[in-house]
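[1] Need a 3D model of the sequence below.
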Amino acid sequence: MATVDTTANASDPPDPRTSTSTSTSTSAGPPPGSPLWPAGLAVLFTLTQLALVVPGSGLGWDEAVYVSQVGGNAPAAFFSAPRARGVSYLVAPVAAVTDSTTAIRVYLAVLSGAALWGALRAWRGILPASVLTAGGALFTGLWVTLFYGPRVMPNLWCAFGALAAVGFFLRFADGGRGGVAGRAALVALVGLGLTVAGVTLFRPGDGLWLVLPLGAAALLVPAWRRRAAVLTAVLAGGLALGALPWIAEAYAHYGGLAARLRRAGEIQGSLGWYLSVDDHARALAGRTLCRPCDVPWEHPFTAVWWFLLPAAVAAGTVAAFRAGRGAPALLATLTAAALAAPYLFTVGYAAPRFLLPAYALLAVPVGECAVSLLARVRPARRRAATALLAAVLLGHLAVQYAVLDRAVSNSRAVQAQFTNVATALHGLGVRPPCLVTGREYVLIGYYAGCSSRQPRGHDESITPDGIAAAARRMPVAVIVPAGAAPPGYARAWRSVRLPSAEGWEDYDVYVSPRTRR
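    The predicted model follows:
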């Protein structure tokens, strides 16, 4: 998500939040660091994705849905009520001209690096580059951040947008206390509106939970009340602008806003009070979706960093107050809590990507914690302390890499499995234009280049009679578990066992008579 450069030039007066004239900053704070550090981190983030994540990875179920809306390898899959089209718009420039998954992955890897740099740049002048780089490095070092960098999923883009939005908010809100003013204030205000709109366009719920704490802060913090009217108007306007396509689509295709919200809640599991904290801890072992999450807790050590995170956030916030930067750290923490709470306490399952916006914002106090740890060590012990911290971080990164490798291996297995299935279907005469229904119908349909439709369940978009009618016009493939009976309309169709790699469920395909060979 693009952000606007709001950095002040060298002739601007010093910012009292980061100026070395503040006694707490000079006595306890580190040097601010080079402004090029965040840019270097963004480049490293992109290169790591290109080396470790992009090669050989295939599109998953949700990705196939999003890509198919704007091009890709197959007609548009059914777009269920909870989904928003932001990520489809994001990949449209590439998906509209090529069905290459690798091209989409490379495009997103480069774009995510640029978005990381833009989000960190929104905080320049508010936090030292050393804090931004330390926090950003810890965030981008998580397996879930690297894994979703080049993937066609909305959560990481919400994370970058939320991080940038809080930075823009602070730049404008503090305008009367040494912050930006004049043209720079206008740029910050525009940046705030656009990033809020962007987050909402990708995930309307995340946009709402981003706006609520920022609006409350504008109204409740005495130093920010002078600009509260403008801030709340921009926050509300950005939310409305980002939600407009989702609302318009609700009335066009779902029977109205209330009906779409109700249907979205049903598909997501009838939202209510759930304690999903333990589910999220389990999912950190590499499960991209834990639903239902009644599985053994594999490899608990993969969640050690997660349980240490609250302590690091608390320590970093205290360090930030001592350095005169308490407000930014506290606002980032409270906004992160607002974004995380719905997924931790109202959704009855877990996916690590859900918490990416919260992790991005918590990088602010965690960065403060990391930098202050080294700054407070006596010079005589700094070398040993640095070595110890490096060893801990290397161990943490080793665990993250191991989980990332497992997740990427699963993605490559998806690519191999469904490419083989698509090849088998093509050999049976199921070629575009064609229709796939039944088990794994979205992925099989996408890889085979067919439409994907389902007569029941969350993605109900066709009737059995409609499928039978389609079979008179085009090849139709019905996928069922091996040995299971097909629907009534397909009982007389030819049955073939589909290829299946080790660890995959066996499926039979029933092919409409038109395509027999």
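
[2] Name the residue closest to the centre of this structure, please.
    residue 155 (1.8 Å; Cα atoms, centre = their mean).

[3] so that residue touches residue 358, yeah?
    No: using Cβ atoms under 8 Å as the test, residue 155 is too far from residue 358 to be in contact (10.3 Å). For glycine as for every other residue, the C-beta is placed from the backbone atoms N, C-alpha and C.

[4] Next one: the residue nearest to the centre of the chain from residue 161, what distance?
    Distance of residue 155 to residue 161, given as Cβ to Cβ, to the nearest Å: 11 Å.

[5] any shared contact partners between those two?
    Common contacts of residue 155 and residue 161 (Cβ atoms under 8 Å, 6 or more residues apart in numbering): 202, 357.

[6] Next secondary structure after the helix or strand hosting residue 144?
    In the assignment (DSSP states H and E), residue 144 maps to helix 143-148. Moving toward the C-terminus from helix 143-148, the next helix or strand (DSSP H and E) is helix 155-173.

[7] Now do that next one: which elements does it pack against?
    Other helices and strands packing on helix 155-173, by 3 or more Cβ pairs under 8 Å, 6 or more residues apart in numbering; DSSP states H and E, are helix 86-95, helix 101-121, helix 143-148, helix 183-202, helix 204-220, helix 228-253, helix 326-345, helix 356-375.

[8] Run through the residues that contact the residue nearest to the centre of the chain.
    Counted by Cβ under 8 Å, 6+ apart, residue 155 has contacts 148, 202-203, 353-354, 356-357.

[9] Same check on residue 471?
    Applying Cβ under 8 Å, 6+ apart, the residues contacting residue 471 are 435, 489, 512-514.

[10] mind giving me CSV with the residues you listed and columns for secondary structure?
    Listed next are these as CSV, based on DSSP: H, G, I helix; E, B strand; the rest coil:
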residue, secondary structure
435, strand
489, helix
512, coil
513, helix
514, helix
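
[11] Now distance to residue 271, pLDDT and neighbour count too, for those, in a markdown table please.
    Shown next, in a markdown table, are those (distance: Cβ to Cβ, whole Å; pLDDT from 0 to 100; neighbours: other Cβ atoms under 10 Å):
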| residue | distance to residue 271 | pLDDT | neighbour count |
| --- | --- | --- | --- |
| 435 | 33 | 98 | 26 |
| 489 | 36 | 95 | 18 |
| 512 | 39 | 97 | 26 |
| 513 | 45 | 93 | 12 |
| 514 | 44 | 70 | 14 |
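
[12] okay, and for this protein, where does confidence drop off?
    For the chain, the stretches flagged by pLDDT under 70 are 1-33, 175-181, 270, 515-517.

[13] Domain parsing of it, as residue ranges.
    Domain assignment of the chain by automatic domain parsing yields the ranges 34-376, 410-515.

[14] and those domains, which is most packed in?
    domain 34-376 (a mean of 21; mean count of other Cβ atoms under 10 Å).

[15] Quick check: end-to-end length of it?
    20 Å (Cα to Cα, to the nearest Å).

[16] Show me how far that domain is from its chain's centre.
    Put simply, domain 34-376 sits 6 Å off its chain's centre (Cα atoms, centre = their mean, to the nearest Å).

[17] surely residue 192 meets residue 173?
    No: taking contacts as Cβ under 8 Å, residue 192 lies outside contact range of residue 173: 9.4 Å.

[18] Now for the two: what residues contact both?
    residue 231.

[19] can I get the contacts of residue 155 in CSV with distance to residue 117?
    Putting these into CSV (distance: Cβ to Cβ, whole Å) gives the following:
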residue, distance to residue 117
148, 17
202, 19
203, 22
353, 21
354, 24
356, 17
357, 18
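
[20] Show me which of those is closest to residue 448.
    residue 148 (25.8 Å; Cβ to Cβ).

[21] tell me the contacts of the closest one?
    Contacts of residue 148 by Cβ under 8 Å, 6+ apart are 155-156, 353, 356.

[22] Nearest to residue 369 among those residues?
    Distance to residue 369 across these (Cβ to Cβ) is lowest for residue 356, with 19.7 Å.

[23] returning to that earlier point: farthest pair within the contacts of residue 148?
    156 and 353 (7.2 Å).

[24] Spatially, what comes nearest to residue 462 if we skip its sequence neighbours?
    Closest residue in space to residue 462, ignoring its immediate chain neighbours: residue 453 at 4.1 Å, by Cβ to Cβ, 6 or more residues apart in numbering.

[25] same deal with residue 92?
    That would be residue 70: by Cβ to Cβ, 6+ apart, it lies 4.1 Å from residue 92.

[26] pretty sure the one you found is touching residue 94, no?
    No: using Cβ under 8 Å, residue 70 is not in contact with residue 94; the gap is 9.1 Å.

[27] max-length helix in this structure?
    With secondary structure taken from DSSP state H, the chain has its longest helix at helix 379-427.

[28] distance between it and the chain's centre?
    Distance, stretch centre to chain centre, for helix 379-427: 17 Å (Cα atoms, centre = their mean).

[29] Which helix or strand lies directly C-terminal to it?
    Next along the chain from helix 379-427, counting by DSSP H and E, comes strand 435-438.

[30] Check what contacts that next one and list those residues.
    Strand 435-438 is contacted by residues 425, 430, 444-445, 448, 450-455, 462, 467, 470-471, 474-480 when judged by Cβ under 8 Å, 6+ apart.

[31] Out of the residues you listed, name the ones that lie in strands.
    Counted as lying in strands by DSSP state E, out of the contacts of strand 435-438, are 451-452, 476-480.

[32] of those, closest to residue 212?
    For these, the nearest to residue 212 is residue 452 (36.7 Å; Cβ to Cβ).

[33] my guess is residue 39 meets residue 117, correct?
    Yes: assessed by Cβ under 8 Å, residue 39 is found in contact with residue 117 at 5.6 Å.
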